[in-house]
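Participant: Take a look and give me a structure for this.
(one chain, ligands or ions: 1)
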Amino acid sequence: MPFLPPLDEDIVVDEVQSLLDENSPDTDWKAITQRLLAVHEQQKRRLDKLLRISDGFGDLTHVENLSLTEQYKKQLRRLQKIARISDLYQRTMVELNESLKQAALHDPLTGLPNRRYMIERLREQVAREQRGANGFTLLMLDIDHFKGINDQYGHESGDHVLMAVATAIQQCLREYDVCARWGGEEFLVFLPGKAVVDAQVVASRVLDQVRRIDVGRVLGGAEQSLPAITLSAGVAEYLPKEHYEETIKRADQALYDAKGQGRDRSASRAH
Ligand SMILES: Nc1nc2c(ncn2[C@@H]2O[C@H](COP(=O)(O)OP(=O)(O)OP(=O)(O)O)[C@@H](O)[C@H]2O)c(=O)[nH]1
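Facilitator: Numbers count the residues shown, from 1 in each chain. Model prediction:
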């Protein structure tokens, strides 16, 4: 194809519009029509180029046999198809991104937020505390003698117990409290704006709810006289200006106290 210098499309459109003006002087219809056709060719070549870039697999050679209007319509249809595919692709990427984010911040077994999520939440909260928020309290919860459940009933049964405990804990929390799976059989609960006394009430509600878990059903009804599942809890309140790791450490020490005092109970550490 011979090289054609690009036409200024706006000028050509102005020329065509002037044809429609009743008062326009005699116009060179033929020259303007030729330029109009050239503009059409120019746009078609651009469309061709765009299609080649966006649809490498599309075969455009056969369109040469079609009339100009048919070629144009065909190219437009192909572009519409590409736009739809691109839209679908983008939506898929957004959904994939969402599920990756969900997977990165949640525990696959219980569906609870994971340790990473909780750390991010605590960082944000400590920043809020520095701007005068109302404080928060942490509950460190740990299933008692969980190794025994695994050893006696198998790891899969242990997993079912973990899921049942996660559900029981969540049943006792408000929507703005957060329970994360902190480690193997450990859960960390974040209670915003809670005084220790209130947190202890939440802890005893959680301990009660876990005791009520129907162990026979969770373990597949295989055994009759199963001991109840119990938790121990450590409670610690965030102290102004401290690092959240300090609060976690106190909650952990309080949990250790509760275990030492016989398990199935909560203890707290003020300092
Ligand atoms: N089934 C199952 N077991 C797990 C998982 N993660 C950790 N564990 C088990 O949890 C058990 C934890 O045992 P220990 O740390 O000895 O604690 P414990 O037996 O609960 O004893 P106390 O905490 O002192 O009451 C180990 O047997 C781990 O293998 C898990 O995802 N699934």
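Participant: what about stretch 259-271, distance to the chain center?
Facilitator: 36 Å (Cα atoms, centre = their mean, to the nearest Å).
Participant: does it come close to the ligand?
Facilitator: Yes - for stretch 259-271 and the ligand, the contact criterion (Cβ under 6 Å from any ligand atom) is met by 259, 263. C-beta: built from backbone N, CA, C; applies to glycine.
Participant: What residues sit buried inside that stretch?
Facilitator: Neighbour-count burial for stretch 259-271, counted by 16 or more other Cβ atoms under 10 Å, picks out 259, 264, 265, 266, 267, 268, 269.
Participant: where do the helices sit along the stretch 101-250 of the chain?
Facilitator: Remark: helices assigned in the stretch 101-250 of the chain by DSSP state H, counting those that start in this stretch are 115-130, 146-153, 155-171, 196-211, 215-218, 244-260.
Participant: For these, give me a markdown table that also has distance to residue 228 and mean pLDDT.
Facilitator: Converted to a markdown table, the helices of the stretch 101-250 of the chain look like this (distance: least, Cβ to Cβ, whole Å; pLDDT from 0 to 100):
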| stretch | distance to residue 228 | mean pLDDT |
| --- | --- | --- |
| helix 115-130 | 27 | 95 |
| helix 146-153 | 11 | 92 |
| helix 155-171 | 11 | 96 |
| helix 196-211 | 5 | 92 |
| helix 215-218 | 7 | 87 |
| helix 244-260 | 16 | 97 |
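Participant: returning to what we had before: tell me the one of the buried residues of stretch 259-271 nearest the ligand?
Facilitator: Using Cβ to the nearest ligand atom, residue 259 comes nearest to the ligand of the buried residues of stretch 259-271, at 5.5 Å.
Participant: Give me the nearest residue to the closest one, chain neighbours excluded.
Facilitator: residue 232 (5.1 Å; Cβ to Cβ, 6 or more residues apart in numbering).
Participant: Return the residues in contact with the one you found.
Facilitator: By Cβ atoms under 8 Å, 6 or more residues apart in numbering, residue 232 lies in contact with 141, 142, 144, 255, 258, 259, 263, 264, 265, 266.
Participant: quick one: it and the ligand, what's the gap?
Facilitator: 7 Å (Cβ to the nearest ligand atom, to the nearest Å).
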